[in-house]
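Undergrad: here is my input, please return the structure:
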Amino acid sequence: MAPGALLDLLWLASPALPVGGFSYSEALEATVEAGLVTNEEQARAWLLDQLNLSLARADLAVVAAAHAAWGAGDEGRIRTLNDWVLLTRESSELRQQAEQMGRSMLEWLRNQPEGADDPRLAQLASLKPPTWPVAWALGAVRGGAALEPSLVAHAFGWAENLVQAALKAVPLGQSAGQRILAALARDIPAAVAHALSLDDQHRQAFTPMLAILSARHETQYSRLFRS
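TA: Numbers count the residues shown, from 1 in each chain. Down below sits the predicted model:
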């Protein structure tokens, strides 16, 4: 990958990207409140399960399909993928996250000096609302990133955000966070390979416990995170 494309991809995956990812725990905070995650070992196991059972089977597969669709200029395919994300978010908080981060990604792309007149931005805006994995895929394509590195970067960005959420919610120390991140990093290549193997019929969003805990988080008495 050319240095410029690599830098753009690292930027997209960074938790510092101003899309609000740091403000969501994706029900991890509710998991802590329920007593299901109380230490490093449990946090690592929970996030590894979420990576392999949720992210790999849903969002990573959407990013892969959307990456190809943006590259091919297939607007109908993009709309279908975006609708799928909206329909399969299993709680109001998870849907809010997908929508808010998608809109923020659109605004960030609009504010980039390179290619601000890209007609694909109008296509993304027309989705109303654009969702996070579909919008993120356009950012990767615009930066010239290849498909597999894009998925690896997307997964690692997710992992960094969730580990930071675990540090605050459990809570854990920085060294524990790095050990969890290392475990997630070891599993990311296999998760990406699985996502790339999925067609539309096998892509799925079915994580009942995650959905239940996310719904409980909506009325949790004390919260640090928006999900």
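Undergrad: tell me where the chain has helices.
TA: All helices of the chain, identified by DSSP state H, fall at 3-13, 28-33, 40-50, 59-72, 75-88, 92-110, 119-125, 132-142, 147-169, 174-197, 208-217.
Undergrad: now for the first one, which elements pack on it?
TA: The one in question is helix 3-13. On a contact count with 3 or more C-beta pairs under 8 Å, 6 or more residues apart in numbering; DSSP states H and E, helix 3-13 meets helix 132-142, helix 147-169. Any C-beta I mention is one placed from the backbone N, CA and C, and that applies to glycine too.
Undergrad: which of the ones you listed sits most buried?
TA: helix 132-142 (a mean of 25; mean count of other C-beta atoms under 10 Å).
Undergrad: could you check the angle that helix makes with helix 3-13?
TA: Angle between the axes of helix 132-142 and helix 3-13 is 170 degrees (criterion: axes from the mean of the first three to the mean of the last three C-alpha atoms, to 10 degrees).
Undergrad: run through who's touching helix 132-142.
TA: For helix 132-142, contacts defined as C-beta atoms under 8 Å, 6 or more residues apart in numbering pick out 8-9, 12, 19, 59-60, 62-63, 66-67, 69-71, 78, 81-82, 85, 97-98, 101-103, 105-106, 108-109, 114-115, 118, 120-121, 124, 127, 150, 153-154.
Undergrad: now the buried members of the residues you listed.
TA: 8-9, 12, 19, 59-60, 62-63, 66-67, 69-70, 78, 81-82, 85, 97-98, 101-103, 105-106, 108-109, 120-121, 124, 127, 150, 153-154 (16 or more other C-beta atoms under 10 Å).
Undergrad: how about L86, what does it touch?
TA: By C-beta under 8 Å, 6+ apart, the neighbours of L86 are R95, A98, E99, P129, T131.
Undergrad: how near is E26 to Q201?
TA: 25 Å (C-beta to C-beta, to the nearest Å).
Undergrad: my error: substitute E33 in the last question.
TA: 36 Å.
Undergrad: the two: which is more packed in?
TA: E33 (18 against 6; other C-beta atoms under 10 Å).
Undergrad: how about the more buried one, what does it touch?
TA: Applying C-beta under 8 Å, 6+ apart, the residues near E33 are R216, H217, Q220.
Undergrad: of those residues, closest to R186?
TA: Distance to R186 across the contacts of E33 (C-beta to C-beta) is lowest for H217, with 28.5 Å.
Undergrad: so what's the closest one scoring on pLDDT?
TA: Reading off the confidence values, H217 has pLDDT 95.
Undergrad: ignoring the adjacent residues along the chain, who's closest to it?
TA: A30 (3.8 Å; C-beta to C-beta, 6 or more residues apart in numbering).
Undergrad: isn't that neighbour up against Q220?
TA: Yes - counting by C-beta atoms under 8 Å, A30 does reach Q220; the two are 6.0 Å apart.
Undergrad: between these two, which has more neighbouring residues?
TA: Between A30 and Q220, A30 has the larger neighbour count (other C-beta under 10 Å), namely 26 against 13.
Undergrad: so for that one, what's the pLDDT?
TA: 96.
Undergrad: picking that back up, who are the contact partners of the residue nearest to H217?
TA: Applying C-beta under 8 Å, 6+ apart, the residues near A30 are L213, S214, R216, H217, Q220.
Undergrad: next: E93.
TA: Per C-beta under 8 Å, 6+ apart, neighbours of E93: A27, S214, A215, H217, E218, R226, S227.
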